[in-house]
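>>> after the sequence you'll find the predicted model.
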Amino acid sequence: MKYLLITIICCISIVACQQPNSKKSVASNNDSSYTITGKIDGIDSGWVYLMNRQAGEKPDSAMVSNGTFTFKGKAATPQYCYLGIPNNGNKEYRLGFFIDNGKINITGKKDSVSDALITGSATQDEYKSYIASRKPINEEEEKLSKLYELASAKKDTHLTDSLEKVFDILGKKEKTFIQDYAKQHPSSYVAALQVYQNFSYNPAVGQLDSIYNSFDTLIQNSYYGNKIKTVLDIAKKTDIGKAAPEFAQNDANGKPIALSSLKGKYVLVDFWASWCGPCRAENPNVVKAFQKYHAKGFDILGVSLDEKKDKWQEAIKKDNLNWNQVSDLQGWKNSVAELYGIQGIPMNFLLDKDGKIVGKGLRGDDLEKKLDELMK
């Protein structure tokens, strides 16, 4: 649930756009070049950045002169990107939006850049309409988030537990909304982005497969269509009932530990990291399950997405994670995380004594309930 809360907050901060429900791409013009001209009140000089993962990992930069800046590039199809505005060493201001070929204009204020007016992109127009259509859900999420923060500050666990159940219900409502939108707009780049952002963490294979197959070929072959397909392909291999993919990775002493070495026990493959707040909040539940069931044949293999060994080891000690832990210290590029298609943490997979997956994404009381069921 803590992961869901962070996901909700992230989604609220994103902006939206509209593309007609057509078999043709908006960017069907032979000229795939675009020009973005911006003027953001509050920045008269310096640099701004354009992060467009579809064009590569390295962000583009533009100098601000007299309050204005310009980016030029090519977008054969609509692309989602972020405008980054430095904030004197603090967290930068960010604006997410779609670009098409042609001339795009951005006007707004630095301290409210998410409300900036963007014109010249048909896909951005659709995105804006989409966000407006889901306003009731966003408002519910915002109210719940504020209540949750207050309850957490007061350490009112009864209220936070109740709110988490409401969040789960609202999360399902949100996914239904996105699924319906995607199926009603099979040629929408906006829909593809929303599906990827909201269905990649612990996906329900049947549901995601149905959504993906409802997209036009154009969208299936798009940047986010391919991302969804990758998530789906891995999810099919790590779904309940499948044999867990074998792996071996080193512990803190450089000793390789293979998953298969734990066969014959119920095993939780637990993906986490020392820097992940929701993971650290979940760890007491995992510790409790370990203490209760370890003597009965339950074990855990932790896979950390850390990059710094000292932070990883410090968290293990502080959280009393007294089971095998491995990591290649490559962060999100951890080879086991990639093998299991990890899109967010905390995430876990529960295996039976034969190494088959019998549960996944088990958090809070769900892990204990599942172990109770298996060990009757």
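Structure's in. What do you need? Residues are numbered from 1 along each chain as shown.

>>> what residues of the helix or strand containing Lys146 count as buried?
Assigned by DSSP states H and E, Lys146 falls within helix 135-153. Buried residues in helix 135-153, defined by neighbour count with 16 or more other Cβ atoms under 10 Å: Ile137, Glu140, Glu141, Leu144, Ser145, Tyr148, Ala151, Ser152. Where you see a C-beta, it was placed from the backbone N, CA and C, and this is true even at glycine.

>>> with distance to His158 and pLDDT added, can I get those in TSV?
Supplementary listing: those in TSV, determined by distance: Cβ to Cβ, whole Å; pLDDT from 0 to 100:
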residue	distance to His158	pLDDT
Ile137	26	92
Glu140	21	92
Glu141	21	90
Leu144	16	90
Ser145	18	90
Tyr148	13	87
Ala151	9	86
Ser152	12	84
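
>>> ok, and the closest non-adjacent residue to Ile104?
In space, and not counting its chain neighbours, Ile104 is closest to Gly120: 4.0 Å by Cβ to Cβ, 6 or more residues apart in numbering.

>>> and that neighbour, how far from Gln313?
51 Å (Cβ to Cβ, to the nearest Å).

>>> same check on Glu368?
Glu368 is 27 Å from Gln313, by Cβ to Cβ.

>>> so what's the residue count around the residue nearest to Lys308 when sequence neighbours are not counted?
Among residues not flanking Lys308 along the chain, Leu329 sits closest, at 7.3 Å (Cβ to Cβ, 6+ apart). Per other Cβ atoms under 10 Å, the neighbour tally for Leu329 reads 15.

>>> what of Ser112?
Neighbours around Ser112, by other Cβ under 10 Å: 12.

>>> could you tell me the end-to-end distance of stretch 252-260?
Taking Cα to Cα, to the nearest Å, stretch 252-260 runs 19 Å from one end to the other.

>>> which secondary structure state is assigned to the residue nearest to Tyr223 when sequence neighbours are not counted?
Of all residues not flanking Tyr223 in the chain, Gln54 sits nearest, at 4.7 Å (Cβ to Cβ, 6+ apart). With DSSP: H, G, I helix; E, B strand; the rest coil as the basis, Gln54 sits in helix.

>>> tell me who's in contact with Gln54.
Residues in contact with Gln54, defined by Cβ atoms under 8 Å, 6 or more residues apart in numbering, are Gln79, Tyr80, Cys81, Tyr223.
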